[in-house]
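Asks: I'll drop the sequence and a predicted model, then ask my questions.
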Amino acid sequence: MFSVAIDCLGKQGGSDEIVKLLNEMGKNHRRRGIPKKAFVEIRQTILEILSEICKLDDEGKEAWNNFMDTIYHIIFTNLDEKKLQGA
């Protein structure tokens, strides 16, 4: 999924394709019963590894944190979809 998303960067319609990929990821994880807690736990690990490997400064850490907020918003919207439909 990450390689496909990276390939979309800079292409016309690429942002829409990335959102579509994230929506599908959220739906697939919802069907598998993956809870938000699992995403929250792995998020910290991802950010720690990126910070260490890429030697991120505070600005870089903030940028990645904001990026993860956007990704997680899309994924969590899909994880919550079933709950919203039942409401």
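Replies: Here it is on my side, so go on. Here the structure is a predicted model, which is why all the values come from computation and not from measurement. Numbering: from 1, shown residues only.

Asks: Checking the spatially most central residue of the chain next. Helix, strand or coil?
Replies: A centroid search over the chain (C-alpha atoms, centre = their mean) returns residue 71, at 3.1 Å, as the residue closest to the centre. At residue 71, secondary structure determined by DSSP: H, G, I helix; E, B strand; the rest coil is helix.

Asks: Excluding chain neighbours, give the residue nearest to it in space.
Replies: Leaving out its chain neighbours, the residue that sits closest to residue 71 by C-beta to C-beta, 6 or more residues apart in numbering is residue 22, at 6.1 Å. Any C-beta I mention is one placed from the backbone N, CA and C, and that applies to glycine too.

Asks: Listing request: residues of this structure with sub-threshold pLDDT.
Replies: Low-confidence segments of the chain (pLDDT under 70): 82-87.

Asks: Tell me where it has helices.
Replies: Counting by DSSP state H, residue ranges of the helices within the chain are 2-8, 14-31, 36-54, 58-86.

Asks: winner for burial among those?
Replies: Highest mean neighbour count of the helices of the chain: helix 14-31, a mean of 15 (counted as mean count of other C-beta atoms under 10 Å).

Asks: and residue 10, how many residues sit next to it?
Replies: Per other C-beta atoms under 10 Å, the neighbour tally for residue 10 reads 8.

Asks: show me the residues around residue 24 that make contact.
Replies: Applying C-beta atoms under 8 Å, 6 or more residues apart in numbering to residue 24 gives no contacts.

Asks: And it, how far from residue 45?
Replies: According to C-beta to C-beta, to the nearest Å, residue 24 stands 23 Å off from residue 45.

Asks: same deal with residue 51?
Replies: To residue 45, residue 51 is 11 Å away according to C-beta to C-beta.

Asks: try residue 37
Replies: Counting by C-beta to C-beta - residue 37 and residue 45 are separated by 13 Å.

Asks: Over to residue 36?
Replies: 15 Å.
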